[in-house]
Structures are given as structure tokens and as C-alpha cells.
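[1] no letters, just coordinates:
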């Protein structure tokens, strides 16, 4: 067994791989073809150039300090499985060119002697695949059915392709890391959305007695009145009908409150886009906080094109509006003559919601930060609290925009959504 330090190949040697072949392989890498496919293409290219050899590319797993099968289409599958995940004694050993002229006599293959005989592998030499930092990414190896040492042609060919394989591996790792980061971002986003939901749910839980006690009081009062009517003489069917209708309306009111509270905590990212009018979504949001506003003497004003239909995931828009209403409540509930206005207008392509409250705006240093994830000012001013960044993300998923209106004297947030969603977005849903 002989080891040689890796040297840069001389540019004076004639290239064995044509410009067109290299361009095609690099093109496949840049267009994002699977690493396994690209490595197979490279191996097939080598074996066409060196018909006496069978080639393999193994990938180095630094975490587990082992080699993983990358591509070896001409080698027996059982042989590759034996090498796959075999622990390495020293990774630094594989950073040099290793030549085994006769596997039956070389101590390096002593532990693989049975494999060598079983698959008629009499010679092997390998070259490391190193990145720009000198870190091991994998190994190229050529196997022969007879004793052999690498020729100049073989060495040149492998050296020509090492950098290309290095590019393919690095790109694959970069893509995997990007995907992992995107998945982590998605997890954080989901967690943030859940925080928004449960924070909103917590706010609602504090005031749910206001929301439910009123219709419950109507129910109890109506039942007492009905009992009096039943005990009295005469035909009072009209009065009974009136109280019965009150009971039904109160039960429906409680049902709507309960459904609204359930919607706050529900995951709706996979809901289909449906057409719904603006007032229905607004009324649903108000159903879980209207009584609290009434008890705090907050005037609610709805204006504009409330009957405008638009396509959305209604639960997500409901969640955003509840969050915006909660923030407004926190900001103005203790002020004089508090009010909240939701104004809706539209054109042929977009619908816009303006949520304005009687607050006198948000300080500019805070405005620059309010859309940053997890930023909150509720402890200080209670003007714009938890959930704005998540609300903005939900609106962006609708191909919409959400922003703070700096031009308004009062505190105003604007939500702009398309009237109709793109077909590709609806299909993805």
C-alpha cells in the first residue's frame, strides 16, 4: 500500500473530459438535480473513459465519522452495503491518495479480504474529495479485476472531476441546510401563530364572562317571565312566543361566542380559500369581544363597503381581526370617549380594511419595531402588542399587505387583500 499527498494537477496535461461534458454536468448541478443522479452521471462518464475500471464515490459523514454510499452503479450492491456506514479509524488517512495494487496482499484490505475475493476486486486506488478549507467531503475510488496501479490518464481524469463533485456535494449540503432553516423558520412561525392564538384566547378568557353572562341573564329572565305567564290565567301565547324567541337568540349568541373562541385556537393554514363578505368576518371577530367593548363604553363603528365579497381563509382573517381589536382595546379601554372604527372599501382587484382607534398614534421609534417577531410594547403603552408580526405573516400568505398608517392622527392599521386569490395559491391550499 502506498500513499501520496494530493497535488494540484498540471494544466499542461491534455484534458480527458471535454468542455461540453463539464458544462452539462455543472448545468445539472446548478439546476438542482438530485446529488445521487449527478454522481451517477459522473461515475458513468468515468467508466466510459476507463472501461477496465469500476468506480465509486462515497460521501463522508463527519457527525458519525463514516463513509456513506454516494454512487457505485457498477459495483455489487452487497459490497457497497458493507462499506456504507463503516466507522473510520482516522478521517485524516482518507485525505491522501491511497493506492492498493493488490488487495489480497495489502494490509489495508486485510479486514475486507473476503469481500475482495467474493467480488473479484484485486486492486483499488482512491482520491479524497476536499473542499476549499481542506475538509473531507468524500472519496473517489477505482476498482480493478487484476493487480494494478493508477496510470497518468486515470489520475488526470479523476483530478479533473474532483472539483465538480466537490461543487455538487457542497451545493447539496447548502440546499439541505437551507431547507432545514426554512423548516425551522416554519416551526418558529407556527409557534408564533399558536402564541398569538393562545394569547388572544387568554384575553378572551378574561372577558368571557362579559360575553356569556349577558345572554345567560336574558335566558334566566325569559324563563322566569314564561313561568309567570304559565301560572297566570288567560291566553298569553304571544308573550310566550316573544320570550321563546329571546331564548333562541340568546342561545345562538352563546353558540357564536363559543365557536369564535374555538376559531382563535384552531390551525387554519390548510383551510381552503372561500368567498365571504367583509361584514361576516368582522361580525365573527366582534362576537368574541363585543360585550367587553360595551362594558368599557367603547364605541364600535363599522363603515364602508361591508358587503364586499373576497376570497380568503376566513378563520385566519378572523384571527387577525381579533388580534387587532384586542390591541386597540388594550390601548384605549381606560381613555376618555374611546372608539374603534373598521372601515372597508374596495376597487376591482383589492379590498382594504382600516382599523382605527381613538389612540393618538404610536411613537416612531416603536413603529419601526412593531412588526419584528416577538416584539411587544404592551407593558409600556399597550398600543401594539403580541401578534403583529404573525398577523402580517398571515396576511402575506393571502398575497396581501399589512402596515401601520403613519399619516393618520389616530392609531390606524391597514390590511389590504386581493378580491380573488391566484389559482396557484388556491390549488396549493
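    Yep, it's here. Predicted, not measured: the structure shown is a model, and the values here were computed from it. Numbers count the residues shown, from 1 in each chain.

[2] when you work out contacts or count neighbours from here on, use the C-alpha atoms and nothing else.
    OK.

[3] which SS class is residue 139?
    strand (DSSP: H, G, I helix; E, B strand; the rest coil).

[4] which residues touch residue 309?
    Listed by C-alpha atoms under 8 Å, 6 or more residues apart in numbering, the contact set of residue 309 reads 275, 276, 277, 278, 419.

[5] top of those by neighbour count?
    If you count neighbours using other C-alpha atoms under 10 Å, the busiest of those is residue 278, which has 22 neighbours.

[6] and the gap between the residue lying closest to it once chain neighbours are set aside and residue 398?
    Ranked by C-alpha to C-alpha, 6 or more residues apart in numbering and with sequence neighbours excluded, the top spatial neighbour of residue 278 is residue 306, at 5.2 Å. Counting by C-alpha to C-alpha, to the nearest Å, the separation of residue 306 from residue 398 is 19 Å.

[7] between the two, which is the more surrounded one?
    A count of neighbours by other C-alpha under 10 Å puts residue 398 above the other of residue 306 and residue 398, at 23 against 19.

[8] can you name the element that comes right after the helix or strand harbouring residue 45?
    Assigned by DSSP states H and E, residue 45 belongs to helix 35-49. Downstream of helix 35-49, the next assigned helix or strand under DSSP H and E is strand 54-61.

[9] got a list of what the residue nearest to residue 138 when sequence neighbours are not counted touches?
    Spatial nearest neighbour of residue 138, excluding adjacent residues (C-alpha to C-alpha, 6+ apart): residue 59 at 4.0 Å. Residue 59 sits next to 67, 68, 69, 70, 137, 138, 139 when contact means C-alpha under 8 Å, 6+ apart.

[10] compare those residues and tell me which has the most neighbours.
    residue 138 (29 neighbours).

[11] surely that residue is in contact with residue 131?
    No: at 9.7 Å, residue 138 does not count as touching residue 131 under the criterion of C-alpha atoms under 8 Å.

[12] quick revisit: show me what the residue nearest to residue 138 is bridged to.
    residue 68, residue 138 (DSSP bridges).

[13] what pLDDT does it get?
    For residue 59, the pLDDT comes out at 91.

[14] again with residue 383
    So residue 383 comes in at 37 (pLDDT).

[15] for the residue at minimal distance from the centre of the chain, what are its contacts?
    The residue lying closest to the centre of the chain (C-alpha atoms, centre = their mean) is residue 186, at 2.9 Å. With contacts taken as C-alpha under 8 Å, 6+ apart, residue 186 has no neighbouring residues.

[16] now swap in residue 286 and tell me
    residue 322.

[17] same check on residue 130?
    95, 136, 137, 138, 166.

[18] closest to residue 23 among those?
    residue 166 (15.2 Å; C-alpha to C-alpha).

[19] I figured that closest one hits residue 129, correct?
    Yes: using C-alpha under 8 Å, residue 166 makes contact with residue 129 at a distance of 6.3 Å.

[20] the two: which is more packed in?
    Taking neighbours as other C-alpha under 10 Å, residue 166 and residue 129 compare with residue 129 leading, 27 against 18.

[21] can I take it that residue 20 is in a helix?
    Yes: counting by three-state DSSP, residue 20 falls inside a helix.
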